[in-house]
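Chemist: quick one, structure for this:
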Amino acid sequence: MELDGAALTCAQVHAVSYGTAQVTIGSLDRARAAWDTARELTGPVYGRGTGVGANKDVQVDGGGLDLLRSHAGGAGPLVPPERARGMLVVRLNQLLAGGSGVDPGLLPVLAGAVNAGFTPPVRTYGAIGTGDLTALATTALCLLGELGWRTGREDVPAPRYALASGDALPFISSGAATLADAALACHRLRGLLDAAVDVAALSFEATGASAEPVAAPVQEARPHPGQALAAARLRGLLGGRPATRIQDPYGFRAFPQVHGAALDALAGAERVIETDLNSATENPLVAGSLAWHNGNFHSAPVALALDALRAALVPAAQLSTARLATLMEPAYTDRPPFLAARPGGSGVMILEYVAQDALAELRHLATPVATGTAVISRGTEDHAGFATQAARHALRCVEPLEIVLACERVAATRALGDPVPDRPLTADLETARQALTAPEDRHRAG
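Modeler: Purely as a prediction, here's the structure:
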């Protein structure tokens, strides 16, 4: 996969992070042009000839490497290697976009690290949406040989590069770790929201729910993009199912509207994130013959988009639990309560408890981050976006959403099959979760 600083997608970040794709580098022209300009700059340039934060007015000669050492101070557990690898590929692509002034000789070394599976020992805590300074400073010390890489192929020498003092701030002035988490979350959530349509189709079939709500004339009357998409997919799975009731519960009747809103929020988040994946969010930005001091590093657009996405997942999951509740009712399934094999049996009753537990977690994770702020560095940095936390929470949403959908899938499958005596359902849930992430295993209702 060729990186050119202009076309990286969330799906590609996921592919490289999980080792299903490797990277090559396109043109270094933009990175080289910024580097050439940076070497000719005169006068005070933030982070190159000055301190950082409240030390912006203090002249510093050759102290850039100390900046790396002082900022490599994260805390908490190590992030998984896949997320750290995602950070590397995002930062590499950003550097190819130009504007940092970093020595372009570093870029092939970063590409080699990605392809050989080297990841730095990045800690969970240390960023508030104004740059992933601790994570990238840790990476820089690995490149300098002052810290050991956490993982990597044993038959490949550890990546090394003698970063110059002037490269220190330009290398770490990025939200690459936050954007990597956001990209991974969006890719995985897109897969789950797609799978949710298949699960809903199973429930429609199991309860004899009408396809009338997804009919083309209904959808044309209210043409939201996500709603149209959800309805068209479900309509294709259900075919021309005749109505057996005047109206079904909201879990069925309002599926396109609620699920469509989640699809729209996801599409919006992807647009914002992919814009930043391919932007030079550098401060200062080296462009033309000047260094432009600016706030492009601020993560407000990403935080707001991810807040909206996490909020939209909750109603979509709530509708899944509503369909699950309908599947427990004999009036909709012509089976004993809870799909038990005999009257009085518990059947799949426990699935409602599991699903509601996972739904409660989703509600907790939907708390917005963009309403908060922070004032640090002696008041010089007086606002924060907290996109780091928004991205981290979006990644955490994957598991509970998957569990909610798995509960509905197990119940719908039970309703469509032969009666099953009461037994533990843990294995059923695990099988259902695997099917949600493997498109070829999904049931297609018709």
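
Chemist: ok, longest helix in the protein?
Modeler: The residue-count maximum for a helix in the chain (DSSP state H) belongs to helix 176-207.

Chemist: what about that helix, distance to the chain center?
Modeler: 11 Å (Cα atoms, centre = their mean, to the nearest Å).

Chemist: and the following helix or strand past that helix, how far from the chain's centre?
Modeler: Next along the chain after helix 176-207, taking DSSP states H and E as the criterion, comes helix 216-220. In terms of Cα atoms, centre = their mean, the centre of helix 216-220 is found 32 Å from the chain centre.

Chemist: got a list of contacts for helix 216-220?
Modeler: 212, 227-228, 231-232, 235, 256 (Cβ atoms under 8 Å, 6 or more residues apart in numbering). C-beta here means a position set from N, CA and C on the backbone, and glycine is covered the same way.

Chemist: so the closest residue in space to residue 115 that isn't next to it in sequence, which of the three states?
Modeler: Residue nearest to residue 115 in three dimensions, not counting chain neighbours: residue 22, with 4.5 Å by Cβ to Cβ, 6 or more residues apart in numbering. Using DSSP: H, G, I helix; E, B strand; the rest coil, the structure places residue 22 in coil.

Chemist: how many residues are close by residue 22?
Modeler: 14 (other Cβ atoms under 10 Å).

Chemist: that one contacts residue 114, correct?
Modeler: Yes: in this structure, residue 22 is within contact of residue 114 by Cβ atoms under 8 Å, at 7.3 Å.

Chemist: so what sits against both of the two?
Modeler: Contact criterion Cβ under 8 Å, 6+ apart; residues shared by residue 22 and residue 114: residue 16.

Chemist: all strands of this structure, in order?
Modeler: 2-3, 24-25, 75-78, 123-125, 285-287, 290-292 (DSSP state E).

Chemist: any idea which of those is most buried?
Modeler: Counting by mean count of other Cβ atoms under 10 Å, strand 285-287 has the highest mean neighbour count of these, with a mean of 22.

Chemist: for that strand, packing partners?
Modeler: In terms of contacts (3 or more Cβ pairs under 8 Å, 6 or more residues apart in numbering; DSSP states H and E), strand 285-287 is packed against helix 29-40, strand 290-292.

Chemist: closest to residue 270 out of these?
Modeler: Nearest to residue 270, of all the helices and strands packed on strand 285-287, is helix 29-40, at 24.1 Å by Cβ to Cβ.

Chemist: could you give the separation of stretch 202-209 from the chain centroid?
Modeler: 31 Å.

Chemist: please enumerate the helices of the stretch 1-150 of the chain.
Modeler: 10-17, 29-40, 64-71, 81-96, 106-115, 133-144 (DSSP state H, counting those that start in this stretch).

Chemist: nearest to residue 289, of those helices?
Modeler: Using Cβ to Cβ, the nearest of those to residue 289 is helix 29-40, at 6.0 Å.

Chemist: quick check: buried residues in that closest one?
Modeler: 30-31, 33-35, 37-38 (16 or more other Cβ atoms under 10 Å).

Chemist: swap in stretch 148-164?
Modeler: For stretch 148-164, by 16+ other Cβ under 10 Å, it's 149-150, 152, 159, 161, 163.

Chemist: using a markdown table, lay out the helices and strands packed on strand 285-287 together with distance to residue 304.
Modeler: Conversion of the helices and strands packed on strand 285-287 to a markdown table gives the following (distance: least, Cβ to Cβ, whole Å):
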| stretch | distance to residue 304 |
| --- | --- |
| helix 29-40 | 28 |
| strand 290-292 | 24 |
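
Chemist: could I get these in CSV, plus columns for distance to residue 310 and mean pLDDT?
Modeler: Formatted as CSV, the helices and strands packed on strand 285-287 follow (distance: least, Cβ to Cβ, whole Å; pLDDT from 0 to 100):
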stretch, distance to residue 310, mean pLDDT
helix 29-40, 34, 93
strand 290-292, 33, 91
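
Chemist: residue 430: which of these is closest?
Modeler: Between the helices and strands packed on strand 285-287, helix 29-40 lies closest to residue 430; by Cβ to Cβ that is 45.9 Å.

Chemist: if we can go back for a sec, closest to residue 426 out of the buried residues of helix 29-40?
Modeler: Ranked by distance to residue 426 (Cβ to Cβ), the buried residues of helix 29-40 are led by residue 31 at 51.1 Å.

Chemist: tell me how many other residues crowd the residue nearest to the closest one when sequence neighbours are not counted.
Modeler: Nearest non-adjacent residue to residue 31, counting by Cβ to Cβ, 6+ apart: residue 104, 4.2 Å away. Per other Cβ under 10 Å, the neighbour tally for residue 104 reads 21.

Chemist: now residue 380
Modeler: 13.

Chemist: what does residue 343 give?
Modeler: As a measure of burial, residue 343 has 8 neighbours, counting by other Cβ under 10 Å.

Chemist: same question for residue 408.
Modeler: Neighbours of residue 408 using other Cβ under 10 Å come to 29.

Chemist: can you check residue 79 too?
Modeler: With other Cβ under 10 Å as criterion, residue 79 counts 23.

Chemist: and the nearest residue to it once chain neighbours are set aside, how far is that from residue 68?
Modeler: Take residue 79 and drop its neighbours on the chain: the residue closest to it by Cβ to Cβ, 6+ apart is residue 122, 5.0 Å away. Distance, residue 122 to residue 68, by Cβ to Cβ, to the nearest Å: 14 Å.
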